[in-house]
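In: quick one, fold the following:
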Amino acid sequence: MDSKSIEEQIRIYSITGGVAKYLLLASEEKTAANLIKNSFLEKEGFFYQEGLFLLLQEFKNPTIYLSVLKRYRDWE
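Out: Model prediction:
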């Protein structure tokens, strides 16, 4: 990440929370905007399913949490 400006490094650090694995993945992207587009918004992106993965890891029965999230997603 040394080739990126300090502002871009701060953006990427803020997005990844400073997690080493996430920073390593982020180093492949040229900008924070590219990181968001390619890793969060694309279905093939690493972070696209990360929230679900973390829920499944943290809770023995994440069904309730997932149903709340789905309701929130579908709420208009």
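
In: so where's the chain shaky on pLDDT?
Out: Where the chain drops to pLDDT under 70, the residues are 1-2, 76.

In: center of it - which residue?
Out: Phe47 (4.0 Å; CA atoms, centre = their mean).

In: contacting residues for that one?
Out: 22, 39-40 (CB atoms under 8 Å, 6 or more residues apart in numbering). C-beta: built from backbone N, CA, C; applies to glycine.

In: among the residues you listed, which are in strands?
Out: Using DSSP state E, no member of the contacts of Phe47 sits in strands.

In: weed out the non-buried ones from those residues.
Out: 22, 39 (16 or more other CB atoms under 10 Å).

In: ok, of the contacts of Phe47, which one's closest to Lys30?
Out: Ser39 (12.5 Å; CB to CB).

In: so for stretch 25-41, first residue to last residue, what's the gap.
Out: 15 Å (CA to CA, to the nearest Å).

In: numbering from 40 from now on, please.
Out: Yes, from this point I'll number from 40; that puts the last item at stretch 64-80.

In: so what touches that stretch?
Out: 40, 43, 47, 50-51, 54-55, 84-87.

In: got those residues as CSV, with secondary structure columns?
Out: CSV is the format used below for the contacts of stretch 64-80 (DSSP: H, G, I helix; E, B strand; the rest coil):
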residue, secondary structure
Met40, coil
Lys43, coil
Glu47, helix
Arg50, helix
Ile51, helix
Ile54, helix
Thr55, helix
Gly84, coil
Phe85, coil
Phe86, coil
Tyr87, coil
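
In: so which of the contacts of Phe86 comes closest to Leu91?
Out: Nearest member of those to Leu91, counting by CB to CB, is Phe79, at 13.0 Å.

In: just the helices in the chain please.
Out: Remark: helices assigned in the chain by DSSP state H are 45-55, 59-65, 71-74, 89-97, 102-113.
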